[in-house]
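Chemist: below are the sequence and a predicted model for it; my questions follow.
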Amino acid sequence: MKKIIILLLIFTSFSYCQKNFLNDPLVSEIFTADPSAHLFNGKIYIYPSHDIIEKDPLYDDCGSQYAMRDYRVLSMDSIGGPVTIHDVALDLNDVPWAKRQFWAPDAAEKDGKYYLYFPTKDKEDIFKIGVAVSNKPEGPFKSKKDPIEGSYSMDPSVYKDDDGKYYMYIGGIWGGQLQRWDENNQYTPSGCETQDNGIPNSPAISPRIALMSDDMVSFAEEPKPVRIIDKEGMPILTKDHERRFFEAAWVHKKDGIYYLSYSTGNTHLIVYATSDNPYGPFVYQGIMNNPVQGWTNHHSTLEVDNKWYFFYHDTQISGKDFLRNVKYTEMFHKEDGSIETINTIIE
């Protein structure tokens, strides 16, 4: 049996090597995923998950194999420049309320302070969103003693609008537990599977949005659902796995248009929808990124010197879904406001 497993691993690695990738990994010294990219003080900072190697990773539908325990910030002086891997920005042991799993983070800056937003499970294994503060974009960050009141699920991303307001988008189904929370923010314990209440044509679960308070460490309002609809004004349905929201909500704005991009999960796409309001509703437009190598993808977008870049991850280095590597590539908005679909595997 051991010989068979070894041969399978060799064959799998060989198969991966035959693929032509559009981009090389940003770093190979550590495994990184879920990159949130920002421009602070004229320098590019990337806030990824830090995948770790476990001797006997636990596999289940809740994503227990993604057992990250700290955050490491990456930085570049410019696109294409050398990448610095900074020291540990935040360790799980330094978050008083946390139990396990540092999943995809994000960061924001206000008045010279830097805020690291992160999802992790509390002592009862319920995902909440925490926040840690630093005087430097690379950290180290000091965690608040409690999660953000009213927060839940995972994949926080914070968008700063032109008027200076900050909004947090959150949510992920399956292992991310968003299906446990109704749209009135009430919690019902359940497993990892999603629910449609027995109605196969029910609208898909929506990500949530909350305006941030001036202190950047609390919500100014209760989270609200972000509606995603088709071009006829109808909601995207639960069964529509190629368009429905799964996780990884990210918002950027160009020419007055808000772009909400997100992962479809088990269909492995990054898709996008547009709106004239950060609260939505967002109208589904199409595919931003076709499937990468790996179970799914998690991304961010960043404008640098009047060009737009798409940050993402795949599994080029390891070939394992829970040991990923961060990459980026240029992205293009067309004159009509649509986004050119990105193919990160070259056929």
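Modeler: Nice, thanks for sending it over. Residues are numbered from 1 along each chain as shown.
Chemist: hey, let's count contacts and neighbours off CA atoms from now on
Modeler: OK.
Chemist: the nearest residue to residue 115 once chain neighbours are set aside and residue 176: what is the separation?
Modeler: Among residues not flanking residue 115 along the chain, residue 133 sits closest, at 4.8 Å (Cα to Cα, 6 or more residues apart in numbering). Counting by Cα to Cα, to the nearest Å, the gap from residue 133 to residue 176 is 24 Å.
Chemist: so the two - more neighbours on which side?
Modeler: Neighbour tally, residue 133 and residue 176, criterion other Cα atoms under 10 Å: the higher count belongs to residue 176, 26 against 23.
Chemist: can you pull the phi/psi pair for the more buried one?
Modeler: Backbone dihedrals for residue 176, given as degrees, to the nearest 10, come out at phi -80, psi -10.
Chemist: contacting residues for it?
Modeler: By Cα atoms under 8 Å, 6 or more residues apart in numbering, the residues touching residue 176 are 62, 127, 153-154, 192, 247.
Chemist: what about it, distance to residue 287?
Modeler: 23 Å.
Chemist: before we move on, the earlier item: mind checking which of the contacts of residue 176 are in strands?
Modeler: Per DSSP state E, strands hold the following members of the contacts of residue 176: 127, 247.
Chemist: how many neighbours does residue 215 have?
Modeler: 9.
Chemist: after whichever strand or helix holds residue 330 comes which helix or strand?
Modeler: Counting by DSSP states H and E, the element that carries residue 330 is strand 325-331. Along the chain past strand 325-331, the next helix or strand (assigned with DSSP H and E) turns out to be strand 345-346.
Chemist: what strands line up against that next one, and which way round?
Modeler: strand 20-21 (antiparallel) (DSSP bridges).
Chemist: what does the next helix or strand after the partner strand contact?
Modeler: Using DSSP H and E, the helix or strand that follows strand 20-21 in sequence is strand 31-40. By Cα under 8 Å, 6+ apart, the list of residues contacting strand 31-40 from outside reads 44-52, 104-107, 109, 137, 297-302, 304, 311-314, 323-326.
Chemist: quick one: strands adjacent to the helix or strand just after strand 31-40?
Modeler: Per DSSP H and E, the first helix or strand lying C-terminal to strand 31-40 is strand 43-51. Strand 43-51 has its sheet partners listed here by DSSP bridges as strand 31-40 (antiparallel), strand 70-76 (antiparallel).
Chemist: and strand 43-51, how far from the chain's centre?
Modeler: The chain centroid and the centroid of strand 43-51 are separated by 11 Å under Cα atoms, centre = their mean, to the nearest Å.
Chemist: stretch 86-93 too?
Modeler: For stretch 86-93, the distance to the chain centre is 19 Å (Cα atoms, centre = their mean).
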